[in-house]
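1. Build me a model from this:
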Amino acid sequence: MEIRKLEVFCKVVELKSFTLAAEAVLLSQPTVSEHVRNLEQELEQKLVDRLNREVTPTPVGLLLYDYARKILRTRQEAIQAVKQFSGTLVGRIMIGCGTIPGTYILPKLIHQFRQQYPSIKATLRITSSQIIAKMVLDGHLELGVVGAKWNENKLEWIELFSDELILAVHPNHHWAQRNSVPLHEVVKEPFILREPESGTRQAFAQVLKKHELKESDIQEIAEIGSTAAVKEAVKAGIGVAILSQYAVKDDVACGRLVAIQIEEHRMQRPFYLIKRKNKALPPVASTFFEYLQSCAE
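-> I've put the predicted structure just below:
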């Protein structure tokens, strides 16, 4: 099997489209289709199903995809190791982040890192903490930066940075002139929640638990899957929400939102750098791993 054909096949599986895969690998759509067809003929197995406009892998296609990813990753690690031996660090970092570190922290650090190593590229996947952890465990990501920690013994957790969660309200809200409000008042107010996998939501759930409260005690009016959308909902006056200080900093400065403390608890949370335990990182990821730790120090 040719490496290039495996690379094209993986892109088809990931993007669920021959057309999008062709754009991603800079080939024509007929050429991409031909590469997949050649693999099917070589293996004498059907690898993908074409359902309407979406392409989905068959069970054997998923099996090949997992092995192909390992082959491509091993090839990349080999290239990086040889380049590092000759004194040059090149390659791509595969890192996943929660919304806050991925939006407000990591881009700046990646920029500073690339000033030292300009030949390095980065793929930054922004999604929930739970999904990032699973992708790190599955080998689809090398590193992750997440805003919550739980009992997963196969991961190594290193505390990196800290964040503070605040209660965000509309400037015309009846709490807007207050510096703080008690938690028992917060749970009675129309409330906008993040999705269950969100690190912000998990951190707030721990605060509720410490005060013998549950999420069901909140007067939830909406569950929204992104920090930006939650901010817009608060600005629209739909309700109040718990958000990161990083996310609301500019809006508070411009008077579009008001940040309020919760009296009983200063909601600080760490961000954790995660990687597979007892697994050596590729040279580029290893260097970036050490760089992030030095930034935290």
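2. Residue 76 is in what secondary structure piece?
-> helix 59-85 (DSSP states H and E).
3. so what does that helix touch, helix or strand wise?
-> On a contact count with 3 or more C-beta pairs under 8 Å, 6 or more residues apart in numbering; DSSP states H and E, helix 59-85 meets helix 3-15, helix 29-43, strand 91-97, helix 283-296. C-beta here means a position set from N, CA and C on the backbone, and glycine is covered the same way.
4. could those go into JSON lines alongside mean pLDDT, distance to residue 146 and mean neighbour count?
-> Formatted as JSON lines, these follow (pLDDT from 0 to 100; distance: least, C-beta to C-beta, whole Å; neighbours: other C-beta atoms under 10 Å):
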{"stretch": "helix 3-15", "mean pLDDT": "89", "distance to residue 146": "22", "mean neighbour count": "19"}
{"stretch": "helix 29-43", "mean pLDDT": "91", "distance to residue 146": "34", "mean neighbour count": "16"}
{"stretch": "strand 91-97", "mean pLDDT": "87", "distance to residue 146": "8", "mean neighbour count": "23"}
{"stretch": "helix 283-296", "mean pLDDT": "88", "distance to residue 146": "13", "mean neighbour count": "18"}
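5. Export these to CSV and append columns for distance to residue 165.
-> Converted to CSV, those look like this (distance: least, C-beta to C-beta, whole Å):
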stretch, distance to residue 165
helix 3-15, 33
helix 29-43, 45
strand 91-97, 17
helix 283-296, 19
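6. Could you work out which of those reaches nearest to residue 203?
-> Nearest to residue 203, of all these, is strand 91-97, at 15.8 Å by C-beta to C-beta.
7. so after that closest one, what's the next helix or strand?
-> helix 99-100.
8. which residues sit against stretch 269-280?
-> 98, 100-101, 105, 132-133, 136-137, 139, 142-149, 153-165, 199, 203, 281, 286, 289, 292-293, 296 (C-beta atoms under 8 Å, 6 or more residues apart in numbering).
9. repeat that for 6 Å
-> 101, 136, 143-147, 149, 154-163, 203, 292 (C-beta atoms under 6 Å, 6 or more residues apart in numbering).
10. Filter those down to the buried ones, ChimeraX style.
-> Only the buried entries of the contacts of stretch 269-280 go into this ChimeraX selection, using 16 or more other C-beta atoms under 10 Å:
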select :101,136,143,144,145,146,147,149,155,156,157,160,161,163,203,292
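11. Now, the contacts of stretch 269-280 that are in helices?
-> 136, 203, 292 (DSSP state H).
12. Not counting sequence-adjacent ones, nearest residue to the first one?
-> The shortest distance from residue 136 to any non-neighbouring residue, by C-beta to C-beta, 6 or more residues apart in numbering, is to residue 144 (4.8 Å).
13. and what of the second one?
-> Spatial nearest neighbour of residue 203, excluding adjacent residues (C-beta to C-beta, 6+ apart): residue 269 at 4.4 Å.
14. Ok, residue 153 next?
-> residue 277 (7.4 Å).
15. Give me the neighbour count for the one you found.
-> 12 (other C-beta atoms under 10 Å).
16. State the distance from it to residue 161.
-> Going from residue 277 to residue 161 by C-beta to C-beta, to the nearest Å gives 21 Å.
17. ok but residue 271 is inside a strand, no?
-> Yes. Under DSSP: H, G, I helix; E, B strand; the rest coil, residue 271 sits within a strand.
18. So which residues of the stretch 151-297 of the chain form strands?
-> 155-169, 180-181, 190-194, 219-224, 240-244, 258-262, 267-276 (DSSP state E, counting those that start in this stretch).
19. Tell me which of the ones you listed is the most buried.
-> Counting by mean count of other C-beta atoms under 10 Å, strand 240-244 has the highest mean neighbour count of those, with a mean of 24.
20. For that strand, give me every contacting residue.
-> 100, 163, 165, 167-169, 189, 192, 204, 230, 234.
21. Would you mind measuring from residue 162 to residue 291?
-> 19 Å.
22. Could I get the pLDDT score of the closest residue to residue 260 other than its chain neighbours?
-> Nearest residue to residue 260, sequence neighbours excluded (C-beta to C-beta, 6+ apart): residue 167, at 4.5 Å. Residue 167 is assigned a pLDDT of 94 by the prediction.
23. Verify the stated contact: residue 167 with residue 259.
-> No. Residue 167 lies out of contact with residue 259 (C-beta atoms under 6 Å); the separation is 7.2 Å.
24. Relative to residue 177, which of the helices and strands packed on helix 59-85 is closest?
-> Ranking those by distance to residue 177, with C-beta to C-beta as the measure, places strand 91-97 first at 35.3 Å.
25. On the pLDDT front, check residue 67 for me.
-> Here, the pLDDT recorded for residue 67 equals 89.
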